[in-house]
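**Q** Build me a structure from this.
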Amino acid sequence: MSANKPPLLGNITPIIPAGGNMEKAIAFYEKQLGFTKIHQEGNPIRMAIVKRDSAEIILQQNDDRHLAESTTFLIQVDGIAELYEEFLAQDGGIIHPNGKLESKPWGMKEFKIVDPAGVCITFYELERSNN
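**A** Residues are numbered from 1 along each chain as shown. Below you'll find the model as predicted:
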């Protein structure tokens, strides 16, 4: 590595509380959000990794509802309108009532879902500048 080359950060993989029922959490991420389980640990399952495209999430058994409801993260998307329609078509109930698809003043088009444990996930796409 060159001494003049600055460090480059890559993808982030959050570890999130998945509630007390890991099977239910994994099923939600697979069936509702289109992720695939790529790893799991424990019998019963204590931890699982789910992935969709470049987005990877580590689900950790933890039924502290307060912790889950205080956890939020964003996933960048190319094709936000199509993803929103995908989620509406299968179960529009996963879209947060205050998180419908809309453009925000900070230059993002976004929508929110809440998983069964209470974790809020914002899917967003950067909007093109008119400059």
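**Q** Spell out the residue ranges of the helices in the protein.
**A** 22-27, 65-69, 80-91 (DSSP state H).
**Q** In TSV, list those along with mean neighbour count, distance to F35 and mean pLDDT.
**A** Quick note: C-beta positions are derived from backbone N, CA and C, even for glycine. Output for the helices of the chain, formatted as TSV (neighbours: other Cβ atoms under 10 Å; distance: least, Cβ to Cβ, whole Å; pLDDT from 0 to 100):
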stretch	mean neighbour count	distance to F35	mean pLDDT
helix 22-27	17	9	97
helix 65-69	14	17	94
helix 80-91	14	12	92
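**Q** could the ones you listed be laid out in JSON lines, adding distance to P97?
**A** As requested, the helices of the chain are exported to JSON lines (distance: least, Cβ to Cβ, whole Å):
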{"stretch": "helix 22-27", "distance to P97": "21"}
{"stretch": "helix 65-69", "distance to P97": "15"}
{"stretch": "helix 80-91", "distance to P97": "13"}
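**Q** Just tell me which of those ends up closest to V50.
**A** Minimum separation from V50 across these (Cβ to Cβ) falls at helix 22-27, 6.8 Å.
**Q** Restrict the closest one to CA atoms and write it as PDB.
**A** Taking C-alpha atoms only, helix 22-27 is exported to PDB below (Å, rounded to 0.1, in the frame of the first residue of the first chain):
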ATOM      1  CA  MET A  22     -34.500 -15.800  15.400                       C
ATOM      2  CA  GLU A  23     -36.500 -18.000  13.000                       C
ATOM      3  CA  LYS A  24     -39.200 -15.300  12.800                       C
ATOM      4  CA  ALA A  25     -36.500 -12.600  12.300                       C
ATOM      5  CA  ILE A  26     -34.700 -14.600   9.500                       C
ATOM      6  CA  ALA A  27     -38.000 -15.400   7.800                       C
END
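**Q** Counting by contacts, list what the lowest-mean-pLDDT helix or strand in the chain packs against.
**A** Lowest on mean pLDDT, DSSP states H and E among the helices and strands of the chain sits helix 80-91, with a mean of 92. Of the remaining helices and strands, those touching helix 80-91 by 3 or more Cβ pairs under 8 Å, 6 or more residues apart in numbering; DSSP states H and E are strand 108-114, strand 120-126.
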